[in-house]
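Q: task: produce atomic coordinates for the following.
(chains A, B, C and D)
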2 protein chains.
Amino acid sequence: MSAHRSQGADEPACTEELPSAARCGPVSHTISRVGRLHRIAAGKFLKAAGIYPGQEAVMMYLWDSGPVRQSELIKVMDLDPSTVTKMLQRLEQTGHVRRSPDPADRRAVLVEATGASCSLLTEVSAAWADLEEHTLAGLDAHERAELARLLGKVEANLCKETLGCPAEARRGEV
Amino acid sequence: MSAHRSQGADEPACTEELPSAARCGPVSHTISRVGRLHRIAAGKFLKAAGIYPGQEAVMMYLWDSGPVRQSELIKVMDLDPSTVTKMLQRLEQTGHVRRSPDPADRRAVLVEATGASCSLLTEVSAAWADLEEHTLAGLDAHERAELARLLGKVEANLCKETLGCPAEARRGEV
DNA sequence: GCGCATTGATTGGCCGACCAAGGTAAAATC
DNA sequence: GATTTTACCTTGGTCGGCCAATCAATGCGC
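A: As a prediction, this is how the structure comes out:
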């Protein structure tokens, strides 16, 4: 609930006390807030590990998969190529990732987690688990499953859309 | 490193293994994705109106409330002061917002939506409603209510950080 | 072999969002 | 009244994320 305006005693609200955003799209409004708060929380949890939110997903994939092409990373993460490029440049600079040209394709780049980064695996996994628990505190197993199910449907909705969704267009094949 | 998958060049599309991120925190993973996809979708819906995601919330509040102190905006939106400053600078530059010094407090700034911006009200509201419907397509009334309820609990969890934040507790001090 | 479309990756620009610091004005304290 | 504290905003930096444009290498058609 939004308890921020509890102090507004004599606010001459011209219409309602609820913001228009919450009136027009209550769930959208909440999703925005939750997304942002979740990212902030992730940042706090990951700070100890020395990486930024967004990077952990890349690292986790790299730890799982071993050396992989950057294009594969882009496809799997469903991110913009430029986003991945910049993120990898920073991860390389901080020593978490190594990049090398693909001998089989001179325009491609192979990416892999460095040995040093493997020490983060435990930390990051723990942080991710803590974040999960912090996020879902107070929800029983059934509620968690239901939330996961509903979010899954929402994700599917947001992914594919008739309005020229780039994600859809990008992953149109296969 | 955990299980290094054999890097087959011809990976069959059927075996889409779950990344570690999804294993360690499935809901967190989905929230991240949904948050990002939702923001992208919002950007698409708002592009016609000529504003960027994040700005619509500010504008909606300004349309509702009339002239308001910047500090009030910061408090209500729960954003970083610097974020609001920069956003307002851009909104001012695009003519959607007017800022003036508060005569009653020379360090404060009064913000209000310009008359020109009011033409956006309809567009933005419609876009926001479309976004809501697009997000929730295929969910019946009960599911929508349940999703809103669960997201509300999650939001509350994410808000009260620092109390149960194990990351800092693990560090020991601070 | 040669031209052209496709793929892979990078650069630059922009926006939202954070933090850290700083500067000024009001309020609280003495 | 003078001093400290607090509030309000700005600047500069960083990061994730997008788009548009670009360059290099591959592959296909001819």
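Q: stretch A:31-46 near DNA strand D anywhere?
A: No. Using CB under 7 Å from any atom of the strand, stretch A:31-46 stays clear of DNA strand D, with a minimum separation of 8.1 Å. (Glycine included, C-beta is placed from N, CA and C.)
Q: what comes into contact with that stretch?
A: A:52-53, A:55-56, A:124, A:127-128, A:130-131, A:134-135, A:154, B:28, B:31-32, B:34-36, B:38-39, B:42, B:57, B:135, B:151, B:154-155, B:158-159, B:161, B:165-168 (CB atoms under 8 Å, 6 or more residues apart in numbering or on different chains).
Q: and DNA strand C, is it touching that?
A: Yes. Contact between stretch A:31-46 and DNA strand C, assessed by CB under 7 Å from any atom of the strand, occurs at A:36, A:40.
Q: CA-only coordinates of that stretch in PDB, if you can.
A: The C-alpha trace of stretch A:31-46 is given here as PDB (Å, rounded to 0.1, in the frame of the first residue of the first chain):
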ATOM      1  CA  ILE A  31       4.600  -3.300 -11.600                       C
ATOM      2  CA  SER A  32       6.600  -0.200 -12.300                       C
ATOM      3  CA  ARG A  33       7.200   0.300  -8.600                       C
ATOM      4  CA  VAL A  34       7.900  -3.300  -7.900                       C
ATOM      5  CA  GLY A  35      10.400  -3.500 -10.700                       C
ATOM      6  CA  ARG A  36      12.200  -0.500  -9.600                       C
ATOM      7  CA  LEU A  37      12.300  -1.500  -5.900                       C
ATOM      8  CA  HIS A  38      13.300  -5.000  -6.900                       C
ATOM      9  CA  ARG A  39      16.200  -3.700  -8.900                       C
ATOM     10  CA  ILE A  40      17.300  -1.400  -6.000                       C
ATOM     11  CA  ALA A  41      17.100  -4.400  -3.600                       C
ATOM     12  CA  ALA A  42      19.100  -6.500  -6.000                       C
ATOM     13  CA  GLY A  43      21.700  -3.800  -6.100                       C
ATOM     14  CA  LYS A  44      22.000  -3.800  -2.300                       C
ATOM     15  CA  PHE A  45      22.300  -7.500  -2.200                       C
ATOM     16  CA  LEU A  46      24.800  -7.700  -5.000                       C
END
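Q: list the buried residues of that stretch.
A: A:31-39, A:41-42, A:44-46 (16 or more other CB atoms under 10 Å in any protein chain shown).
Q: gap between the two ends of stretch A:77-85?
A: 13 Å (CA to CA, to the nearest Å).
Q: re earlier: just the buried members of the contacts of stretch A:31-46?
A: Applying 16+ other CB under 10 Å to the contacts of stretch A:31-46 flags A:52-53, A:55-56, A:124, A:127-128, A:130-131, A:134-135, A:154, B:28, B:31-32, B:34-36, B:38-39, B:42, B:57, B:135, B:151, B:154-155, B:158-159, B:161, B:165-167 as buried.
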